[in-house]
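> fold the following for me, if possible:
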Amino acid sequence: MLAILIADRRGAELDPLTRRGSAALLPVAARPVLAHNLDALSQAGVERVFLVISAFPEQLRKDVGDGRQWGLQIDYLVSRGEERPADFLQRRQMPADAEYLVLRGDMLRACDLAEFVMLARAQAGNCVAGIIDGCSAGLWLCRGLEACAALPGWPLETGPVDGIALESAAMSRLDSLADFHRANLDAARGRFPRLLLPGRRIGDTLTLGRGSTCAASPAAGAQVLIGARSTVYATVQLEDTVVICDQVIIDRQASLADTVVLPGSYVGARVELRNAIVSCNDLIRVDSGSVLQVVDAFLLADLGEPEISRGVAAVLNRFAGVLLLLLSLPLWPVALGLAFRQPSRPIRRVRLWRPRSDAQDARDGFIDWEFAVTIPVLRRLPRILAVVRGQMRLVGRAPLTLAEAESRDQDWQRAADRTPAGLLGPTQILLPSDAPLEERLVSDACYAGQRSLLGDAKHLLRALAALCSRRAWQSARPGTAVGGSESAQDH
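Predicted coordinates for the structure are as follows:
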């Protein structure tokens with residue numbers, strides 16, 4: 001028997017939680033959903049698993065590895081995302097006559113897989129489904145590759161299906177923020193049998209993970225689960241059900257009830273949270289479905305990317321932009337004079353893209369302007385204003401237009417998305433202005449992976465040297481954009 005564990009869900013229904021990682025890696029009870037599924041396969045005696053992935057493949061490979069920690073051998077299959085299982089299995093040319101245990105790894109399921117396999121083998125039919133509470137449990141036993149053609153993609157049907165009803169089992173599809181929130185609270189309350197919870201049990205109310213400290217006393221009747229390497233101060237109030245994941249800090253006099261705090265989050269002093277999900281500086285109210293991005297780092301913050309440090313960097317960049325603007329003032333009359341020699345549109349409007357973490361809408365961005373001249377340095381002058389406004393950094397990846405950003409269809413092309421766009425950078429300095437988009441994306445991905453303060457300083461020195469070169473003042477081909485932007489696009 002071969003196990004097929006499907007984790008290719010895009011997770012749009014769980015936004016903003018899936019902006020930074022795969023839906024299968026979202027934590028339930030301080031452990032990734034995928035880890036709970038691998039636990040179940042290991043307990044059932046499965047030895048070999050084919051893991052189907054799409055978004056964030058490197059993150060998945062890093063967190064799961066080769067499966068050795070579960071006693072499994074894991075091979076990876078790549079999906080285009082939410083495909084029908086028959087499609088990616090056919091591409092891989094899997095054995096035609098094998099028996100397949102297929103289950104979705106991006107939903108939570110607490111059941112005895114070995115019992116399901118035994119019951120399914122005794123049932124007629126080439127594809128037997130598992131059912132929990134009258135609905136599909138995202139679990140099937142297929143006899144032969146052809147039987148896998150009947151398997152659905154995501155999302156699963158919510159209506160009644162035929163198959164084997166699993167007793168003493170529970171599941172959550174995790175198909176909404178409210179469902180994800182409820183699954184965490186139920187897991188902390190022990191309502192998912194056979195689910196392995198991390199840490200050790202302390203009294204009747206607290207489960208504490210490795211390397212964590214909790215100086216607070218949960219209220220009577222509360223259930224609190226804390227992951228690894230987290231800190232909860234003595235004056236914190238913990239009521240009802242609270243799940244705190246790995247590497248979290250809950251500061252003094254904060255109050256939490258029916259709340260889930262995801263990894264790497266900081267909850268500030270005197271912050272009161274009720275019926276909420278906290279993901280770094282995103283606050284999600286489950287009752288209303290509202291999502292608020294908190295900009296005050298003393299209330300909520302991302303411990304992996306401190307807001308205070310980012311705020312200081314933003315101020316320094318804007319100051320550098322003002323200084324650069326003053327130094328460039330003699331060039332503006334020259335650029336304007338050359339631009340107004342054009343018969344039409346001497347100044348062109350361009351909307352540049354920025355990642356969703358910096359904008360409310362996927363197509364949101366900011367307006368940039370370009371002079372209609374063919375000399376690269378003069379053409380880029382208005383971009384200094386974007387640095388002054390804080391919309392770009394002095395040094396960063398090359399900015400993209402909305403059309404360029406939306407044309408990317410591979411994960412590696414988005415590797416630099418969390419790196420701020422910049423006026424200067426290796427892509428802008430070293431590559432010609434008419435370089436293909438793919439070449440610019442490769443350059444930006446390399447820059448993002450090696451980015452450092454010393455490296456940015458070196459790029460500034462290279463920019464000064466490039467400013468004195470002939471290429472910076474040499475006319476480019478007519479219609480060519482500088483820094484990778486389409487010159488005349490007005491989005």
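
> now G425: how far from R462?
10 Å (Cβ to Cβ, to the nearest Å). The C-beta positions use only the backbone N, C-alpha and C, and glycine is treated the same way.

> what about R194, neighbour count?
Residues lying near R194 (other Cβ atoms under 10 Å) number 16.

> so where's the stretch 101-250 of the chain uncertain?
Filtered on pLDDT under 70, the stretch 101-250 of the chain yields no residues whatsoever.

> the strands in it, which residues?
108-110, 127-132, 135-143, 164-165, 170-172, 200-202, 206-208, 213-214, 223-226, 231-232, 237-244, 249-250 (DSSP state E, counting those that start in this stretch).

> the nearest residue to Q342 once chain neighbours are set aside: how many residues sit nearby?
Leaving out its chain neighbours, the residue that sits closest to Q342 by Cβ to Cβ, 6 or more residues apart in numbering is A372, at 4.6 Å. Neighbour count for A372, taken as other Cβ under 10 Å: 20.

> if we can go back for a sec, so between G425 and R462, which is more surrounded?
Using other Cβ under 10 Å, the more surrounded residue of G425 and R462 is G425, with 30 against 15.

> for that one, give me its contacts.
Residues counted as contacts of G425 (Cβ atoms under 8 Å, 6 or more residues apart in numbering) are V395, G396, R397, A398, D444, Y447, H459.

> which of these sits closest to L303?
G396 (22.8 Å; Cβ to Cβ).

> my read: the closest one touches G422, true?
Yes: if you go by Cβ atoms under 8 Å, G396 and G422 touch, sitting 2.4 Å apart.

> so where do the helices sit in the stretch 201-350 of the chain?
For the stretch 201-350 of the chain, the helices defined by DSSP state H, counting those that start in this stretch cover 307-328, 331-339.

> would you single out the least confident of the ones you listed?
Here the lowest mean pLDDT among the helices of the stretch 201-350 of the chain goes to helix 307-328, at a mean of 77.

> quick one: that one to helix 331-339, angle?
70 degrees (axes from the mean of the first three to the mean of the last three Cα atoms, to 10 degrees).

> now helix 307-328 - C-alpha only, PDB.
Extracted in PDB, the C-alpha atoms of helix 307-328 (Å, rounded to 0.1, in the frame of the first residue of the first chain):
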ATOM      1  CA  GLU A 307       8.400  46.700  13.500                       C
ATOM      2  CA  ILE A 308      10.600  49.000  15.600                       C
ATOM      3  CA  SER A 309      13.600  48.200  13.500                       C
ATOM      4  CA  ARG A 310      11.700  48.500  10.300                       C
ATOM      5  CA  GLY A 311      10.400  51.900  11.500                       C
ATOM      6  CA  VAL A 312      13.900  53.200  12.100                       C
ATOM      7  CA  ALA A 313      15.000  51.900   8.700                       C
ATOM      8  CA  ALA A 314      12.100  53.600   7.000                       C
ATOM      9  CA  VAL A 315      12.900  57.000   8.600                       C
ATOM     10  CA  LEU A 316      16.600  56.600   7.500                       C
ATOM     11  CA  ASN A 317      15.600  55.700   4.000                       C
ATOM     12  CA  ARG A 318      13.300  58.700   3.700                       C
ATOM     13  CA  PHE A 319      16.000  61.000   5.000                       C
ATOM     14  CA  ALA A 320      18.400  59.500   2.400                       C
ATOM     15  CA  GLY A 321      15.800  60.200  -0.200                       C
ATOM     16  CA  VAL A 322      15.500  63.800   0.800                       C
ATOM     17  CA  LEU A 323      19.300  64.200   0.600                       C
ATOM     18  CA  LEU A 324      19.400  62.500  -2.800                       C
ATOM     19  CA  LEU A 325      16.600  64.800  -4.000                       C
ATOM     20  CA  LEU A 326      18.500  67.900  -3.000                       C
ATOM     21  CA  LEU A 327      21.700  66.600  -4.700                       C
ATOM     22  CA  SER A 328      19.800  65.900  -7.900                       C
END
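
> name the residues that touch that helix?
Counting by Cβ under 8 Å, 6+ apart, 281, 295, 297, 301, 381, 384-385, 387-390, 393-394, 423 sit against helix 307-328.

> farthest-apart pair in these, please.
A301 and L381 (36.0 Å).

> okay, the strands of the stretch 101-250 of the chain in JSON lines with distance to R84 and mean neighbour count next?
JSON lines is the format used below for these (distance: least, Cβ to Cβ, whole Å; neighbours: other Cβ atoms under 10 Å):
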{"stretch": "strand 108-110", "distance to R84": "20", "mean neighbour count": "25"}
{"stretch": "strand 127-132", "distance to R84": "13", "mean neighbour count": "22"}
{"stretch": "strand 135-143", "distance to R84": "13", "mean neighbour count": "23"}
{"stretch": "strand 164-165", "distance to R84": "22", "mean neighbour count": "16"}
{"stretch": "strand 170-172", "distance to R84": "21", "mean neighbour count": "21"}
{"stretch": "strand 200-202", "distance to R84": "42", "mean neighbour count": "11"}
{"stretch": "strand 206-208", "distance to R84": "39", "mean neighbour count": "22"}
{"stretch": "strand 213-214", "distance to R84": "45", "mean neighbour count": "18"}
{"stretch": "strand 223-226", "distance to R84": "36", "mean neighbour count": "24"}
{"stretch": "strand 231-232", "distance to R84": "45", "mean neighbour count": "23"}
{"stretch": "strand 237-244", "distance to R84": "34", "mean neighbour count": "24"}
{"stretch": "strand 249-250", "distance to R84": "43", "mean neighbour count": "24"}
